[in-house]
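S.K.: give me coordinates for this.
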Amino acid sequence: MTNIDEKLLKRLENLSMLEIEESKREEFLNSLKEIVGFVENLNELDLENEEASFTTLEGGTPFRKDEPKKADIIEDILKNAPKREQNFFVVPKIIQ
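M.R.: Below is the predicted model of the structure:
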């Protein structure tokens with residue numbers, strides 16, 4: 001079992017760039033111990049003869065055909081422009 005102590009908590013704080021308030025440290029340590037204990041219980045299960053309920057290895061993922069489509073997004077955007085020239089916004093000059 002992993003030793004959940006103040007040293008590990010300080011390391012986790014450093015890695016996560018978080019700081020746990022002094023008043024919450026004991027509560028946090030207890031929560032971590034519960035989580036690790038639960039995961040260790042899962043490790044005790046004998047799943048050698050169990051079949052996975054789902055897998056991405058068989059059947060694959062259905063793909064759509066990759067067909068190019070012309071988008072008229074430029075026109076949709078520029079129709080709201082106060083001034084435009086060809087496919088560009090016209091704005092006041094700000095650099096002399």
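S.K.: ok, how many other residues are close to residue 20?
M.R.: 15 (other Cβ atoms under 10 Å). For every residue, glycine as well, the C-beta is placed using N, CA and C.
S.K.: which ones are touching residue 33?
M.R.: Contacts were defined as Cβ atoms under 8 Å, 6 or more residues apart in numbering; by that measure residue 33 touches residue 4.
S.K.: how near is it to residue 44?
M.R.: Distance of residue 33 to residue 44, given as Cβ to Cβ, to the nearest Å: 17 Å.
S.K.: what's across from the closest residue to residue 78 other than its chain neighbours in the sheet?
M.R.: Sequence neighbours aside, residue 84 is the residue nearest to residue 78 in space, at 5.0 Å (criterion: Cβ to Cβ, 6 or more residues apart in numbering). Beta-bridge pairing of residue 84 under DSSP bridges involves residue 89.
S.K.: any idea how far residue 84 lies from residue 91?
M.R.: Taken as Cβ to Cβ, the span from residue 84 to residue 91 is 10 Å.
S.K.: please apply the same query to residue 45.
M.R.: Distance from residue 45 to residue 91, by Cβ to Cβ: 65 Å.
S.K.: residues touching the residue nearest the centre of the chain, list them.
M.R.: Note on the chain: the residue nearest the mean C-alpha position is residue 16, at 14.9 Å, using Cα atoms, centre = their mean. By Cβ under 8 Å, 6+ apart, no residues touch residue 16.
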